[in-house]
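3D, please:
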Amino acid sequence: MRKTILIRIVYLFLITPFFLHAQSAKDTVKVVLKDKEKEVAYPQFQFKGLFQARFLESLVDDVDVSGVQHTSGEVVRSSFDVKRMRVGLNTKLSKETEVVILVNLADFKSDPKTKVLENAYAKYTFSKYIAVTGGQFRPAFGIEELVPVDIIKSFDFSNQYYEFGKNGWTSFQIGASATGAFDVGKIPISYAFSILNGNGKNQEKDKDNGKQFSTRWVLGLSQKYKVNLGLNGGIGKVFTQEVFALGADITGDFKVTDNLSFDVQIEYKQGTNHNLYFSLPTDARTANVADYQMRGYYIMPNFRYRVDYKKLTSFEVSCRYESFDTSYKIDSNVRQTYTPMASFEFGKAYTGRISLGFEIDRYDKNIPDTSTYNDNLFLIQFQCRL
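Numbering: from 1, shown residues only. You can find the predicted model right below:
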C-alpha cells in the first residue's frame, strides 16, 4: 500500500512540470494573439469631403448677390452658387505621424491662383504635451481657426476672421507650429506657438524677410459647462515695419433640458492692418503702419434642439452680431453685420444640413459702386459632409 502511494507521488512530481509548461505555453500564445490584435497596420487613410451649395437673393434693388452696389445698370440679384467642394485625405504614417491634404475644387470657378490647395501639412506628436506641425495649415489664433467651416453655427466665418487672414494671422498660412496641452491643478490648458510667412496660402515664397510670431492659450474654466477662455497674441515684421495682433474669446455650452442646449461664442480682436497700409499709394498714407489698425468683436448665441425624428436629428437657431472696423484710427467706417440663421440637421455631426437666413450689413458710411454698402442678403444653404 505504501509502495503504491510512493509510486503515485513520484509520478505526480514527474508529470507536473509538463502540465505547467503546457499551460505556460498556452498562456504565451494567448498573450501573443492579444498583442497581434492590438497591432495597427500603417499607413491608415481617411478620406473626407464637403459640399456646400447656396441660393442667394439680394433684397436691395441696386446691390448684387456679392454685395456690390451699382449706381447704374441692372444687377444680378439672385443666383445659385457652389460655395465649397472640398476633398481631403488624412494619412497616418505611424502612431505619431500624420499628413493632411485638403483642396477646395470650387475655387476653380474663379482665378485659382493662390487658391484651391488649403491644407498641406505634416504633424508629429511626441506626446499630449507637444506636437509639431509644418506646412500650410490654419494657425490657432481664435475660436474660428480651430473649427471647420462645415460645423460652425453660421453660414460662414466672421468678417474679422477673413480680414485677419489677409494680414497673415488666421486662415490658411505657411509656416510651423508647436501645440500641446497640460493641466494646472484642475484647470486644463492648451497652447499653440506659430511662426508664419504671413502672406497667405499657396505662395511661392515669403513676400519679405520678416516673419510673424503668434501664440494662443486656452483655459478650461468649467468642464461641466464647457466654458473656455482663449487669449491670443502676435508680433512680427512686414517690410521692416513692426506689426501686432491680439485677441480674447470665451465660449460656453449649457444644457437647458435633455433635448435643448444653448452655446455662445464671444470674441474680440485688434491688430495692425498692414495689408491695407501697403495697398495704398505712398502719398496716400501716413509714414507709420501703426496708424492703420483694425478691431472688432462678435457675439453668437445658438440654440440647439434635439429632434431625432426619422432622419431629422436636430433643429438649430443662431444669430451672430458683429461689429468690425478695418481702420478705426484713420477713415473709420464701422461695419455691423447681423446673421440670423435656422438650420435642420440630418444625420450625425452635420452629415446633412439645410440652413436658411439672412446676412444684413450696415456701414457708418456707404461708398457707391463698392461692396462697402448696406445690403440685405437672403440665403438657403445645403450641405453634405463625409
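
mind checking pLDDT for Gln150?
Slight slip there: residue 150 is Asp, not Gln. pLDDT, Asp150: 88.

can you check Tyr350 too?
With respect to pLDDT, Tyr350 has a value of 89.

What are the phi and psi values at the residue nearest to it when sequence neighbours are not counted?
Excluding the flanking residues, the one nearest Tyr350 by Cβ to Cβ, 6 or more residues apart in numbering is Ile151, at 5.4 Å. (Glycine included, C-beta is placed from N, CA and C.) Backbone geometry at Ile151, expressed as degrees, to the nearest 10, gives phi -120, psi 10.

Roughly how far does Ile151 sit from Leu105?
Remark: distance between Ile151 and Leu105 (Cβ to Cβ, to the nearest Å) = 20 Å.

what's the answer for Leu280, then?
Using Cβ to Cβ, Leu280 is found at 34 Å from Leu105.

When these two are compared, which one has more neighbours?
In this view Leu280 and Leu105 are compared by other Cβ atoms under 10 Å, and Leu105 has more residues nearby, 14 against 11.

So which residues of the stretch 1-150 of the chain form helices?
Here the stretch 1-150 of the chain has its helices, by DSSP state H, counting those that start in this stretch, at 2-38.

any low-confidence regions in it?
Along the stretch 1-150 of the chain, segments meeting pLDDT under 70 span 1-38.

pretty sure Phe303 is touching Phe262, no?
Yes. With contact defined as Cβ atoms under 8 Å, Phe303 reaches Phe262; the gap is 5.6 Å.

of those two, who's got more company?
Comparing Phe303 with Phe262 by other Cβ under 10 Å, the one with more neighbours is Phe303, at 16 against 13.

In space, what's closest to that one - neighbours in sequence excluded?
Spatial nearest neighbour of Phe303, excluding adjacent residues (Cβ to Cβ, 6+ apart): Val317 at 5.0 Å.

That neighbour and Ile354, how far apart?
Plainly put, Val317 is 13 Å away from Ile354 if you go by Cβ to Cβ.

what's the answer for Ser177, then?
Distance from Ser177 to Ile354, counting by Cβ to Cβ: 35 Å.

Who has more neighbours out of those two?
Shown here are Ser177 and Ile354; by other Cβ under 10 Å, Ser177 has more neighbours (24 against 14).

So the more buried one sits against Ala140, correct?
Yes. The pair Ser177 / Ala140 is scored as a contact, 7.3 Å apart, by Cβ under 8 Å.

shared neighbours of these two, anything?
Residues touching both Ser177 and Ala140 (Cβ atoms under 8 Å, 6 or more residues apart in numbering) are 192, 194.

What residues sit buried inside stretch 362-381?
By 16 or more other Cβ atoms under 10 Å, the buried positions in stretch 362-381 come out as 363, 372-373, 375, 377-379, 381.

which SS state does Gly165 fall under?
Assigned by DSSP: H, G, I helix; E, B strand; the rest coil, the conformation of Gly165 is helix.

Do I have it right that it meets Gly200?
Yes. Using Cβ under 8 Å, Gly165 makes contact with Gly200 at a distance of 7.4 Å.

tell me, what's touching those two both at once?
Counting by Cβ under 8 Å, 6+ apart, the residues touching both Gly165 and Gly200 are 171-173.

all strands for the stretch 51-200 of the chain, in order.
Secondary structure of the stretch 51-200 of the chain (DSSP state E, counting those that start in this stretch): strands located at 78-92, 97-104, 117-127, 130-137, 173-184, 187-196.

cool, and the stretch 201-350 of the chain?
Under the criterion DSSP E, counting those that start in this stretch, the stretch 201-350 of the chain contains strands at 212-222, 227-238, 241-255, 260-272, 293-309, 312-325, 335-346.
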